[in-house]
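Chemist: All I have is the shape, not the residue letters:
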């Protein structure tokens, strides 16, 4: 994220204050300081792209965006696993069918030899 706010404020990153989990899900924190020296804390989610003010539920809002994104990723990963397992199941079934066909042909050949 861009920690630079605008021409009226300077910004400091406070990411070092965050836990490993908060950073892993894409949460960021900054302190804004105006020309008069007044400061405020803001929170950011990499997935929403918006800085939220701490005094207006900023942490909760940014964290919610991060969690929603994480859950979507988990669901997507689960769907991909299901798709892969059905591909594997289909491949195994196909291979099994081919083996049965080959086995049946061998029985047919064997029976034909016995009739001679």
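Modeler: Yep, it's here. Because the structure is predicted, anything quoted here is derived from the model rather than measured.
Chemist: can we go C-alpha only for contacts and neighbour counts from here?
Modeler: Will do.
Chemist: What is the burial count for residue 56?
Modeler: Neighbours of residue 56 under the rule other CA atoms under 10 Å: 10.
Chemist: where does it land on pLDDT?
Modeler: Residue 56 carries a pLDDT value of 92.
Chemist: The chain: helices as residue ranges?
Modeler: Along the chain, counting by DSSP state H, helices occupy 20-24, 58-115.
Chemist: Where does the prediction get shaky in the protein?
Modeler: Within the chain, the stretches with pLDDT under 70 are 1, 5.
Chemist: at 90 instead, please
Modeler: 1-12, 24-25, 34-37, 46-50, 67-116 (pLDDT under 90).
Chemist: To residue 32, which of the helices of the chain lies closest?
Modeler: Residue 32 lies closest to helix 58-115 among the helices of the chain, at 13.6 Å (CA to CA).
Chemist: how far out from the middle of the chain is the closest one?
Modeler: Taking the mean of its C-alpha atoms, helix 58-115 sits 21 Å from the chain's own mean (CA atoms, centre = their mean, to the nearest Å).
Chemist: ok, now stretch 104-116?
Modeler: 56 Å.
Chemist: follow-up on the earlier one: so which of the helices of the chain gets nearest residue 45?
Modeler: helix 58-115 (4.9 Å).
Chemist: Output the contacting helices and strands for that closest one.
Modeler: strand 27-34, strand 39-45, strand 51-53 (3 or more CA pairs under 8 Å, 6 or more residues apart in numbering; DSSP states H and E).
Chemist: Just want the angle from it to strand 27-34.
Modeler: If you take axes from the mean of the first three to the mean of the last three CA atoms, to 10 degrees, helix 58-115 sits at 160 degrees to strand 27-34.
Chemist: Check this structure and tell me which residue is nearest its centre.
Modeler: Geometric centre of the chain, nearest residue: residue 73, 2.9 Å, by CA atoms, centre = their mean.
Chemist: who touches that one in this structure?
Modeler: Shown in contact with residue 73 (CA atoms under 8 Å, 6 or more residues apart in numbering): no residues.
Chemist: returning to that earlier point: will you turn the helices of the chain into CSV that also has distance to residue 8?
Modeler: Output for the helices of the chain, formatted as CSV (distance: least, CA to CA, whole Å):
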stretch, distance to residue 8
helix 20-24, 28
helix 58-115, 20
